[in-house]
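Peer 1: give me a model of this one.
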Amino acid sequence: EIPKAISNLVMKLLAKTAEARYQSAIGLKTDLQTCWHQLQTAGQIAEFICGQQDISENFHIPQQLYGREREIATLLAAFERITSHSPVDRDLTTATGVQIFRFGNSELMLVSGYSGIGKSMLVRELYKPITQKRGYFATGKFDQFQRNLPYSAIVNTFADLLLQLLTESDSQLNQWREQIQTAVGVNGQVIINVIPEVELIIGIQPPVSLLSPTETQNRFNTVFQNFIHVFCQPEHPLVLFLDDLQWADIASLNFLELLMNDTDLH
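Peer 2: Prediction:
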């Protein structure tokens, strides 16, 4: 029984993007006064276009992307292929600035272009379809001044993911705890050493034995791969966004190659 005009007004206030909401208190006040006047004079509120007197005093750059329809379609198609397990030829048609490489059950997308042209904003267009698929979107960023820190962006990416998990219900968190603990086994501390946020979910873990440098690296790769497998499931697909890949360290690139060639990783 809520008038359509009032519903439209409330939905405009709750719009996802900032530019779609009211830009001024005067614009909102004017629409509310219109509703009040109609109610007093006619006894009902007729539908009208909200925000006709809503003019911002400041110039705002809109968040909407323009002229990137083909690139967005390319990214969304890749996501749909992975989540639906669709077979695809290795020769993939790509949009300008977007290259796609297929490795078994995973796909790697490289988005290139000059600084400031909206590459990061383009990738973030995946948010909505990922949410619809109950998936996770985690981000990390390489830093040219931290190239001496191996796995920096990858660590930040999974720290971001774990913080998302910590917002879920206790029952969901318990399921994550069991799955992660099963995946890492007695080597949970290996993950905690690089991603401290893991301890917030699985608790304090026993110390790990000391190994030679080569064995330590192999153990880390194995445990981290098992850890990542937990999140790559049909019921909750995973998208990792690594920004500024040009500043990636060798260890991170090697680990990405290891992941992409993991035939058990979906």
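Peer 1: hmm, who's touching the helix or strand encompassing Glu257?
Peer 2: Glu257 belongs to helix 250-260 when assigned by DSSP states H and E. Contacts of helix 250-260 from elsewhere in the structure, counted by C-beta atoms under 8 Å, 6 or more residues apart in numbering, are 101, 103, 106, 108, 142, 150-154, 221, 224-225, 228, 242, 248, 265. (Each C-beta comes from the backbone N, C-alpha and C, glycine too.)
Peer 1: then the helix or strand bottoming out on mean pLDDT in the chain to CSV, C-alphas only?
Peer 2: One helix or strand of the chain scores below all others by mean pLDDT, DSSP states H and E: helix 127-132, with a mean of 79. As requested, the backbone C-alpha atoms of helix 127-132 are provided in CSV (Å, rounded to 0.1, in the frame of the first residue of the first chain):
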residue,chain,number,x,y,z
TYR,A,127,31.6,-7.8,-8.3
LYS,A,128,27.9,-8.2,-9.2
PRO,A,129,28.0,-11.5,-11.0
ILE,A,130,30.3,-13.0,-8.4
THR,A,131,27.8,-12.0,-5.7
GLN,A,132,25.0,-13.6,-7.6
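Peer 1: can you map out the helices along the stretch 1-150 of the chain?
Peer 2: 4-13, 25-42, 69-84, 119-123, 127-132 (DSSP state H, counting those that start in this stretch).
Peer 1: got CSV for those helices, with mean neighbour count too?
Peer 2: Converted to CSV, these look like this (neighbours: other C-beta atoms under 10 Å):
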stretch, mean neighbour count
helix 4-13, 15
helix 25-42, 14
helix 69-84, 16
helix 119-123, 17
helix 127-132, 13
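Peer 1: nearest to Asn261, of the ones you listed?
Peer 2: helix 69-84 (16.1 Å; C-beta to C-beta).
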